[in-house]
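Fold the following and give me the result.
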Amino acid sequence: MRPVLEVADIFRRHGTAYVQAHGDHLGRVERRVMSAIELCRTPALGGHVEGCRTCGTIRVAYNSCRNRHCPKCQGAAARDWLVARAGDLLPVP
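The predicted structure follows:
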């Protein structure tokens, strides 16, 4: 289920204004991260068509940016990593 609002939605709506207002404090890396998140899973990055041979349903799946800062691409990996690290903690209050 898609969340009501995503980081990419905020960047698409307010990113240009933010960069214009605070661009002197943003480096090249930060701008590239913002751009990658904006373009993630959109037609701009291309995609592929998936089809079910049984029912004939066709779905277009757009490619992800795979940026390590992207919550869509790396959010699940980050959660899995945190769960794995929780097992490494010492049992102290």
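
ok, which stretches of this protein are helices?
Secondary structure of the chain (DSSP state H): helices located at 7-22, 28-39, 71-86.

to the chain's geometric centre, what's the distance from the second one?
Right, helix 28-39. Centre-to-centre, helix 28-39 and its host chain are 11 Å apart (Cα atoms, centre = their mean, to the nearest Å).

Mind listing what's buried along that helix?
33, 34, 35, 36, 37, 38, 39 (16 or more other Cβ atoms under 10 Å). Glycine gets a C-beta too; all of them are placed from N, C-alpha and C.

returning to that earlier point: dump the helices of the chain to a markdown table, plus distance to residue 53 and mean pLDDT.
Output for these, formatted as a markdown table (distance: least, Cβ to Cβ, whole Å; pLDDT from 0 to 100):
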| stretch | distance to residue 53 | mean pLDDT |
| --- | --- | --- |
| helix 7-22 | 32 | 94 |
| helix 28-39 | 31 | 95 |
| helix 71-86 | 28 | 88 |
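
So for residue 62, which of these sits nearest?
Between residue 62 and the helices of the chain, the shortest gap by Cβ to Cβ is with helix 28-39, which sits at 9.4 Å.

got a list of contacts for that closest one?
7-8, 11-12, 15, 19, 45, 65, 67, 69-72 (Cβ atoms under 8 Å, 6 or more residues apart in numbering).
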